[in-house]
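Test case, fold it:
(3 chains)
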Amino acid sequence: MTSGLRKAHKYSWLLLIILIPLIMVFALKDVPLLSNNEALTTFESSKGNIIKTAENDLLKVSVRSNSIEVILKRTIKNASSIIYNSDSKGNKNHIIGQISTVGIYTFNIETPPKSIVLYDNLKGELITKLDF
Amino acid sequence: MGLNYQFVLWNKHKKMYDKIIVLSMLLYLILFAVVTLVFNSETSIETLILRAFGSLAIVLLHIILVIGPLSRLNTNFLPILYNRRHLGVSMFITALIHGGFALIQFHALGNTNVFYSLFTSNLDYNSFTNFPFQVLGFFALLILFAMASTSHDFFLKNLSPTVWKRLHMLVYLAYALIIGHVFLGAFQQETSPFTIGFLSVGFIVVGSLHLISSFREAKIDKSIIDKDAQGWLKVCTIDEIDDDRAKIFTVQNERIAVFKYDGKLSAVHNVCKHQGGPLGEGKIIDGCITCPWHGYQYLPHNGQSPPPFTEKVATYELKLLENIIYINPKAFEEGTEVEPTQIQKT
Amino acid sequence: MKLIIAIFLGVLGIYCAVGVLFGFYFIFFGAEKIDPFMKETKKGVRLLLFPGIVATWPFLIKNVVNPKTK
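Residues are numbered from 1 along each chain as shown, chains lettered A, B, ... in the order given. Got it, this is the predicted structure:
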């Protein structure tokens, strides 16, 4: 390599070494870390009575005062399926958690939602909506 | 070297190397599928393909990125460097399958143009965590396409080595885009500590190797050489250079190879015109400086490739005072004839 | 935003279209003007070069128009 190229490599990497950790940290800040949620909720979710439930052909959802239990009944094709707290019109507010395979999921929540939507972020489409 | 361009300049080692690449890639894909089906049997086949090829492309990119600094730190890695282009093309094909499949899967079913759909299905360009990450992947793939499609020697020659190298250094931008693509995309959909771990460790390894090797090279570039009254630089004694071999010196930030052959001394710029190989690590074969990387040849006294080839490197003037070699740091035009310095038999 | 995207994709599309047209001319005629090695080069290899020409045609076109730089 010529000296110019060596310098170009050095400065590219000095820049990347600052830039990439920033991307990583900011990206992970808001990620719903599934494992954390599970760890927290196994204990929490046993507390409190079920306030309300709702069900359709895909999901059965039980809401407690500080947690929400989601049962996914059948496989969904979507690569991305995230549950959001939503208003009655179906506009998503904040992320509750993500689901993938058939099973029971429990997530912590601060306030019981009025509605939830299951949303595919990749396709940008609504998979299903449940009102309580 | 032939008088026309070949499909791929294969030799025995390269064929072996390519076989290893293809087999390892297949093995990875099969393992990925098996592990996914065992631990997550509900995964749809579409998702499996996307993830298998996407993750394979990332693994390959990490390998590609460490080859350069590794071979600068330890010459045992050089054979892999000579073959890095095949790995790069394989990585592009893998990424293309991932990207092409994602386009078909997520954007081809509507009535809008697939690319328009890619850019407009998520318009949160002002948000960070909800940024349309697929767009980042698209730009990374564009860069990889430009690189893979110009990896043939034809482009190295006809785009000029400077343009070619600048184009191929865009791989660093592609790397940053891909990290963004994964962290803002895949992780927001399916958070896996394993993937986060791999990419973080991968980044630390790749980044530190590049920094270590570049600081080390910078140190070599800054090493001080004594000057005489006329500004000529004292480099070494004759005995320090073996016959038909060279020693490399850094003079005003450029590396110069001083060759000893047939009782004569000649100096040329150390960088081969073909792919920037270190000429000074090569030998004199049939009277020509022969690049250790791909065998490109130059005549030591004028830095020109023997006809019909047209490559030229810069030459330098030498003088000999009591067995000590001095270099005039001012380079001549590429291909300038310089009378070799005769070594007097004592 | 949608306007910017439409313009960007339009430009990208035109870039590729010009690249494809130039590419056909270049691999069979233009390349020989700037690189003597191309005269003996087989058709399959010329096609291999095609995608790269589409990607980098602005750099190559000036050499074909003004081949004395080589």
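
C-alpha only now, for contacts and for neighbours.
Noted.

Mind checking if stretch B:125-138 is in reach of chain C?
No. Judged by CA under 8 Å from any CA of the partner chain, stretch B:125-138 makes no contact with chain C; its nearest approach is 8.5 Å.

That stretch: which residues count as buried?
B:129, B:130, B:131, B:132, B:133, B:134, B:135, B:136, B:137, B:138 (16 or more other CA atoms under 10 Å in any protein chain shown).

Contacting chain A as well, which ones from those residues?
Near chain A, by the rule CA under 8 Å from any CA, you find residue B:129 out of the buried residues of stretch B:125-138.

quick one: which of the buried residues of stretch B:125-138 is nearest to chain C?
residue B:135 (10.9 Å; CA to the nearest CA).

now that closest one: how far from residue B:315?
Separation of residue B:135 from residue B:315 (CA to CA, to the nearest Å) stands at 47 Å.

got the contact list for the residue at minimal distance from the centre of chain B?
Nearest residue to the geometric centre of chain B (CA atoms, centre = their mean): residue B:68, 5.9 Å. By CA atoms under 8 Å, 6 or more residues apart in numbering or on different chains, the contact set of residue B:68 is residue B:81.

mind checking pLDDT for residue B:59?
On pLDDT, residue B:59 comes in at 96.

Tell me the confidence at the closest residue to chain C within chain A?
In chain A, the residue that lies nearest chain C is residue A:124 (16.3 Å; CA to the nearest CA). Turning to residue A:124, the model gives it a pLDDT of 74.

again with residue A:41
In this prediction residue A:41 is given a pLDDT of 42.

Repeat that for residue B:297.
On pLDDT, residue B:297 comes in at 90.

for the one 10 residues further on, same thing?
Per-residue confidence for residue B:307 comes out at a pLDDT of 83.

Please confirm that it is located within a helix.
No. Read with DSSP: H, G, I helix; E, B strand; the rest coil, residue B:307 is coil and lies in no helix.

who touches it in this structure?
No contacts exist for residue B:307 under CA under 8 Å, 6+ apart.

Can you name every helix or strand that the least confident helix or strand in chain C by mean pLDDT contacts?
Across the helices and strands of chain C, mean pLDDT, DSSP states H and E gives its lowest value to helix C:31-34, namely a mean of 84. Applying 3 or more CA pairs under 8 Å, 6 or more residues apart in numbering or on different chains; DSSP states H and E, one finds that helix C:31-34 contacts helix C:43-65.

hmm, who's touching the helix it packs on?
So helix C:43-65 is in contact with B:5-7, B:145-146, B:148-150, B:152, B:154-155, B:158-159, C:16, C:18-20, C:22-24, C:27-28, C:30-31, C:33-34, C:69-70, going by CA under 8 Å, 6+ apart.

List the buried residues in that helix.
C:45-57, C:60-61, C:63-64.

Could you give me the ChimeraX selection string for whichever of the contacts of helix C:43-65 are buried?
Selection command for ChimeraX covering only the buried members of these, criterion 16+ other CA under 10 Å:
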select /B:5,6,145,146,148,149,150,152,154,155,158,159 /C:16,19,20,22,23,24,27,30,31,33,34
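
How far off centre is stretch B:127-140?
27 Å (CA atoms, centre = their mean, to the nearest Å).

Leaving aside the residues adjacent along the chain, what's closest to the residue in chain C positioned nearest to chain A?
Distance from chain A to each residue of chain C (CA to the nearest CA) is smallest for residue C:2, at 16.3 Å. Spatial nearest neighbour of residue C:2, excluding adjacent residues (CA to CA, 6 or more residues apart in numbering or on different chains): residue B:120 at 6.9 Å.

Residue B:128 too?
Distances taken as CA to CA, 6+ apart place residue A:27 nearest to residue B:128, at 7.4 Å, with adjacent residues excluded.
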